[in-house]
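Participant: Turn this into a model:
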Amino acid sequence: MNCEDDRARIAWHIKQKYSDLIARNLAMHTIQLDIPDELAERLAPYSDNLLTLLELGLQAWTAHEMQEQLALREGLLQILATSGKVAIPQPYTAPAPYLRHTPIPITGQPVSELVIEHRGPR
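Facilitator: Next up is the predicted model:
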């Protein structure tokens, strides 16, 4: 397989995955973008898939933003912990798991026989 086949296969999978999303978004808006010539040339082969590219790009951007927010939060927590003004609680650790004990061997008459014996004659 060459690179063109891979691109076509990937484009087909993307179109299949996001076609229902595109179908649900029947209300469309027109947005004009000013983009550099180099980017326009790179996007030209994908002109039929720009909606999907924008959706995937937005998902990647959102994931990236979330990672940045988490990193900033961790950094802030480290600064607060280092300053001694705030004590960071330790993660909750569950108590030791339940240990199954082996049954105690019982000698004598079986319990079922004891029950019948206790009932008396019928």
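
Participant: and the most centrally placed residue in the chain, what element?
Facilitator: Nearest to the mean C-alpha position of the chain, by Cα atoms, centre = their mean, lies residue 63 at 10.9 Å. Using DSSP states H and E, residue 63 maps to helix 50-83.

Participant: I'd like the average pLDDT over the helix or strand sitting right after that helix along the chain.
Facilitator: Once helix 50-83 ends, the next helix or strand along the chain (criterion: DSSP H and E) is helix 111-119. The average pLDDT within helix 111-119 is 84.

Participant: Relative to the whole chain's centre, how far out is helix 111-119?
Facilitator: On the basis of Cα atoms, centre = their mean, to the nearest Å, helix 111-119 sits 57 Å off its chain's mean C-alpha point.

Participant: CA atoms of it as PDB?
Facilitator: Presented in PDB, the C-alpha positions along helix 111-119 are these (Å, rounded to 0.1, in the frame of the first residue of the first chain):
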ATOM      1  CA  VAL A 111     -26.800 -29.800  61.000                       C
ATOM      2  CA  SER A 112     -29.600 -31.200  58.800                       C
ATOM      3  CA  GLU A 113     -29.900 -34.200  61.100                       C
ATOM      4  CA  LEU A 114     -29.900 -32.000  64.200                       C
ATOM      5  CA  VAL A 115     -32.800 -29.900  62.700                       C
ATOM      6  CA  ILE A 116     -34.900 -33.000  62.000                       C
ATOM      7  CA  GLU A 117     -34.100 -34.400  65.400                       C
ATOM      8  CA  HIS A 118     -35.100 -31.100  67.000                       C
ATOM      9  CA  ARG A 119     -38.500 -31.000  65.200                       C
END
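
Participant: got a list of contacts for that helix?
Facilitator: Helix 111-119 is contacted by residues residue 109 when judged by Cβ atoms under 8 Å, 6 or more residues apart in numbering. C-betas here are computed from N, CA, C, even on glycine.

Participant: Pass me the low-pLDDT residue ranges in this protein, would you?
Facilitator: Within the chain, the segments meeting pLDDT under 70 span 1-3, 6-7, 11, 13-27, 92, 122.

Participant: Restricting to C-alpha, output stretch 29-43 in CSV.
Facilitator: Listed next in CSV are the C-alpha coordinates belonging to stretch 29-43 (Å, rounded to 0.1, in the frame of the first residue of the first chain):
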residue,chain,number,x,y,z
HIS,A,29,-23.3,28.4,9.3
THR,A,30,-21.0,30.0,6.9
ILE,A,31,-17.7,31.1,8.3
GLN,A,32,-15.1,33.0,6.2
LEU,A,33,-11.5,32.3,7.1
ASP,A,34,-8.3,34.1,6.0
ILE,A,35,-5.6,31.5,5.9
PRO,A,36,-2.0,31.7,4.5
ASP,A,37,-1.5,30.4,1.0
GLU,A,38,0.7,27.5,2.2
LEU,A,39,-2.1,26.2,4.5
ALA,A,40,-4.6,26.6,1.7
GLU,A,41,-2.4,24.5,-0.6
ARG,A,42,-2.1,21.8,2.1
LEU,A,43,-5.9,21.8,2.7
